[in-house]
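Asks: Here is the input, now give the coordinates:
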Amino acid sequence: MLYDSVNFKVYGENIPLAYLTTTLGVKGVERLIEKKSLSFTLWTPNIMMGIDNIDGLIPIMHGRVNSPAHSDPEESITLGLNFIADKLSRKEIKKLTHKIRDFYLIPKEGLESDAAAVALSAYKKNKFKLLGFDTTELDIYNLNKDQKLKLLNCATTCLEYKFLISQNFISHTNKKFNLLFEDSFNSISQNTVRKYYSKITTIENFPDLFSLAKELKDPLKDVAFLRDKKNIKKFRKWITETMEKSDLQEITKLYIDEIQNAKGFFETKKGKVSKSLFMWSVGAGLGSFIGPEGVVIGGAIGARISPLTNVGLDMLDEYMISQIIKGWTPRMFFDELRSLQKDDK
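Replies: All right, here's what the predicted structure looks like:
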């Protein structure tokens with residue numbers, strides 16, 4: 001809901017796709033794909049550890065899986081869809097596969113070797129201590145099984161982090177990235193959309209999205225429907241732009257200011273010109289409504305009926321501005337979510 005798109009990491013069969021298709025239906029998944037709101041990463045690179053200790057041989061190793069399910073997007077999609085209990089027809093699978101395959105990412109070649117080098121550097125500088133693995137006075141050529149397992153987990157984190165950076169992705173599920181790369185990742189980890197959103201929900205006295213999802217009968221369907229609505233899109237744009245130009249501490253004031261200072265289209269510089277033209281055209285319409293004489297005489301009758309016209313235009317103007325073309329505010333995002341709560345009861 002808070003992001004323009006979501007990417008799922010897939011290892012072999014696309015199980016996330018099977019779940020989404022079961023929950024949202026084929027058309028729901030197609031809609032997300034068409035809006036470029038959904039994509040997948042077929043995870044092929046791997047970090048491995050040598051079992052035996054060999055003098056002079058660093059145990060950190062790397063490689064790639066190359067079976068069809070793990071390297072071919074179409075195979076990954078087809079096998080994933082076969083996990084659905086209520087089987088799709090062959091035609092549906094083929095159609096969905098052709099739509100989704102172009103929204104698959106495959107990590108570039110060489111990523112795993114770069115990550116292995118980064119992991120070795122981090123090991124030597126005892127940077128993995130942040131993850132609970134203190135490498136002080138440890139001989140990398142003589143690690144026991146438990147130490148190798150810890151090193152493997154840390155090196156895998158390096159690999160995943162490098163991929164995220166290469167794609168300009170952000171992960172909110174792995175706190176290791178913030179711990180391990182505190183200096184380089186600091187600006188991202190401190191100013192996440194979720195943290196900004198959390199501040200705003202406090203102002204609105206509204207539950208976070210996770211809590212809201214637990215209240216709804218079918219949260220995935222509701223989210224898929226809502227995320228393309230105008231107010232939701234505008235909120236995503238607003239909160240992203242706000243993050244770029246302000247600190248987390250300022251979000252409360254900025255949010256309140258945005259609500260208090262909202263301008264409708266007719267109140268903007270461009271809108272004022274349009275408003276004058278709009279008023280004139282409505283005035284002509286009222287003249288026509290009064291009778292054919294109004295159309296012929298034009299200005300003369302306009303002067304005689306000015307009180308009536310003014311009353312009509314004032315009412316129309318107020319209605320148009322306050323109801324139809326009112327200024328957008330980020331609060332409209334929460335209005336949409338509140339309507340979702342009411343509909344679900």
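Asks: and residue 146, how many neighbours does it have?
Replies: Here the number of neighbours of residue 146 (other Cβ atoms under 10 Å) works out to 9. For every residue, glycine as well, the C-beta is placed using N, CA and C.
Asks: quick one: which helix or strand includes it?
Replies: Per DSSP states H and E, residue 146 falls inside helix 145-167.
Asks: name the helices or strands packed onto that helix?
Replies: With contacts taken as 3 or more Cβ pairs under 8 Å, 6 or more residues apart in numbering; DSSP states H and E, helix 145-167 sits against strand 45-49, helix 111-124, helix 176-180.
Asks: Between the ones you listed, which one is closest to residue 101.
Replies: Ranking the helices and strands packed on helix 145-167 by distance to residue 101, with Cβ to Cβ as the measure, places strand 45-49 first at 19.9 Å.
Asks: Quick one: residues in contact with the closest one.
Replies: 59-65, 107, 111-112, 115-116, 119, 148-149, 151-152, 155-156, 158-159, 163 (Cβ atoms under 8 Å, 6 or more residues apart in numbering).
Asks: one step back: possible to save the helices and strands packed on helix 145-167 as CSV with mean neighbour count and distance to residue 199?
Replies: Converted to CSV, these look like this (neighbours: other Cβ atoms under 10 Å; distance: least, Cβ to Cβ, whole Å):
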stretch, mean neighbour count, distance to residue 199
strand 45-49, 19, 37
helix 111-124, 18, 33
helix 176-180, 19, 19
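Asks: Format the ones you listed as TSV; extra columns: distance to residue 26 and mean pLDDT.
Replies: Below are these laid out as TSV (distance: least, Cβ to Cβ, whole Å; pLDDT from 0 to 100):
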stretch	distance to residue 26	mean pLDDT
strand 45-49	31	93
helix 111-124	33	90
helix 176-180	34	56
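Asks: TSV please, covering those and showing distance to residue 18.
Replies: What follows is those, written out as TSV (distance: least, Cβ to Cβ, whole Å):
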stretch	distance to residue 18
strand 45-49	23
helix 111-124	27
helix 176-180	28
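Asks: Would you indicate which residues of the helix holding residue 146 are buried?
Replies: 147-148, 150-164 (16 or more other Cβ atoms under 10 Å).
Asks: Stretch 136-145 now?
Replies: Of the residues in stretch 136-145, 140, 143 count as buried by neighbour count, 16+ other Cβ under 10 Å.
Asks: And that stretch, end to end?
Replies: Counting by Cα to Cα, to the nearest Å, you get 17 Å between the two ends of stretch 136-145.
Asks: what's in contact with that stretch?
Replies: With Cβ under 8 Å, 6+ apart as the criterion, stretch 136-145 contacts 53-59, 120, 123, 126, 129, 147, 151.
Asks: from these, which is closest to residue 251?
Replies: When those are compared for distance to residue 251 (Cβ to Cβ), residue 129 wins out at 33.4 Å.
Asks: Distance of the closest one relative to residue 142?
Replies: Relative to residue 142, residue 129 is positioned 19 Å away (Cβ to Cβ, to the nearest Å).
Asks: Over to residue 163?
Replies: Separation of residue 163 from residue 142 (Cβ to Cβ): 31 Å.
Asks: can you check residue 193 too?
Replies: 45 Å.
Asks: Equivalent analysis for residue 82, please.
Replies: Applying Cβ to Cβ, one obtains 46 Å for the distance of residue 82 from residue 142.
Asks: next one: residue 54
Replies: Residue 54 sits 10 Å away from residue 142, taking Cβ to Cβ as the criterion.
Asks: And residue 157, by the same measure?
Replies: Summarising the geometry, the distance separating residue 157 from residue 142, computed by Cβ to Cβ, is 23 Å.
Asks: Ok, residue 57 next?
Replies: Summarising the geometry, the distance separating residue 57 from residue 142, computed by Cβ to Cβ, is 11 Å.
Asks: Which parts of this protein are strands?
Replies: With DSSP state E applied, the chain shows strands at 6-10, 38-42, 45-49, 60-64, 104-105, listed in chain order.
Asks: which stretches of the stretch 51-200 of the chain have low pLDDT?
Replies: 170-192 (pLDDT under 70).
Asks: Apply 80 and report the result again.
Replies: Across the stretch 51-200 of the chain, residues meeting the criterion (pLDDT under 80) sit at 130, 165, 168-200.
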